[in-house]
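Novice: Output the structure for:
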Amino acid sequence: MSKKIIAIVPAAGVGQRAVAGSSTLAKQYRLLRGKAMLRWTVEALLADPRIEQVRVAVSPSDAHASGVLDGLARTVCRPCGGETRAQTVLGALRDAALPPAALVLVHDAARPGLPLAALSRLIDCCLDDPVGGVLAQPVPDTVKQGGQPAGDDRVAVIKTVSRDGLWLAQTPQMFPAGLLQRAIETALAHGAVVTDEASAIEHMGLAPRLVPGSVRNFKVTWPEDFELMEKWL
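Specialist: Numbers count the residues shown, from 1 in each chain. Okay, here's the model as predicted:
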């Protein structure tokens, strides 16, 4: 295989929704079975030998990452994080200075349960795709749109939304480096909302591929998610 593949893990945030009580420790450094979540996540990416390097992008003031990642092969920690996820990924792309045709997988620091089968499936499907793609799962539940009806102070059901064709996006999300950098730069310049890398690609009028993910690859978001994730690891 001739295409260079690297992974970027944006880890400059705190993850406020997952912080329990008075803890100020960013969620990626919370322990799962005695090991920091960020280390679990990087190890999951390293499980596929086609990934040449994992680049963890942290805040310039981060004092934890280097110790957490100590001893991991093919892994570097770079203080190029920004205020938002999109800015952090963009900073990591600029810092890496990759050839435009290189392939980049961006993976959430809070998805330590990524199975090797799902990771390898994404790479296999997107190696020769000119746009790239994302791991995702079809929405299995009934979807309700909530809001506050007139004269009602409750949050209530406004309507039921058809789940046909709806998918829950996961990570990694895999795109050519040059395309992804250009997409994020363009989206940010236009003031577009960039919630993940695919949304920046979509802003360019392109359609990323949907690749089946895994229920194990859920994002640790709420305090109770830590206990659930520990059961999977």
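
Novice: From here on, just use CA atoms for contacts and neighbour counts.
Specialist: Fine.

Novice: Okay, now the unreliable bits of this protein?
Specialist: Regions of the chain meeting the criterion pLDDT under 70 cover residues 1, 14-24.

Novice: Need the three-state assignment for the residue located most distally from the centre of the chain.
Specialist: The outermost residue of the chain, judged against the average C-alpha position, is Gly151 (39.4 Å), by Cα atoms, centre = their mean. Three-state call for Gly151 (DSSP: H, G, I helix; E, B strand; the rest coil): coil.

Novice: For Pro149, see how far away the most centrally placed residue in the chain is.
Specialist: Note on the chain: the residue nearest the mean C-alpha position is Asp108, at 2.9 Å, using Cα atoms, centre = their mean. Distance, Asp108 to Pro149, by Cα to Cα, to the nearest Å: 35 Å.

Novice: in the longest strand seen in the chain, what's buried?
Specialist: Looking across the chain with DSSP state E, the single longest strand is strand 167-176. Within strand 167-176, the residues that count as buried by 16 or more other Cα atoms under 10 Å are 169-176.

Novice: which other residues reach it?
Specialist: Contacts with strand 167-176, where a contact means Cα atoms under 8 Å, 6 or more residues apart in numbering, come from 100-108, 111, 119, 122-123, 126, 130-139, 197-198, 213, 217-219.

Novice: Measure how far that strand is from the centre of its chain, please.
Specialist: Put simply, strand 167-176 sits 7 Å off its chain's centre (Cα atoms, centre = their mean, to the nearest Å).

Novice: Then stretch 47-62?
Specialist: Its chain's average C-alpha position is 12 Å from that of stretch 47-62, according to Cα atoms, centre = their mean.

Novice: could you show me where the strands are in the chain, in order?
Specialist: For the chain, strands defined by DSSP E occupy the ranges 5-10, 31-32, 35-36, 53-57, 75-78, 103-106, 133-138, 143-147, 156-161, 167-176, 209-212.

Novice: Adjacent strands (with direction) for the second one?
Specialist: Strand 31-32 sits in its sheet next to strand 35-36 (antiparallel), going by DSSP bridges.

Novice: Repeat that for the fourth one.
Specialist: Sheet partners assigned to strand 53-57 using DSSP bridges are listed as strand 5-10 (parallel), strand 75-78 (parallel).

Novice: any chance of those strands in TSV, with mean neighbour count and distance to Thr88 too?
Specialist: Compiled in TSV, the strands paired with strand 53-57 are given as follows (neighbours: other Cα atoms under 10 Å; distance: least, Cα to Cα, whole Å):
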stretch	mean neighbour count	distance to Thr88
strand 5-10	25	6
strand 75-78	18	10
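
Novice: mind giving me CSV with these and columns for distance to His203?
Specialist: Output for the strands paired with strand 53-57, formatted as CSV (distance: least, Cα to Cα, whole Å):
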stretch, distance to His203
strand 5-10, 21
strand 75-78, 28
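
Novice: out of the ones you listed, nearest to Pro115?
Specialist: Nearest to Pro115, of all the strands paired with strand 53-57, is strand 5-10, at 15.3 Å by Cα to Cα.

Novice: export that closest one as PDB, just CAs?
Specialist: The C-alpha atoms that make up strand 5-10 are tabulated as PDB, following Å, rounded to 0.1, in the frame of the first residue of the first chain:
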ATOM      1  CA  ILE A   5      -2.300   7.100   6.600                       C
ATOM      2  CA  ILE A   6      -2.100   9.000   9.800                       C
ATOM      3  CA  ALA A   7      -4.700   9.500  12.600                       C
ATOM      4  CA  ILE A   8      -5.400  12.700  14.500                       C
ATOM      5  CA  VAL A   9      -7.000  12.700  17.900                       C
ATOM      6  CA  PRO A  10      -8.300  16.200  18.900                       C
END
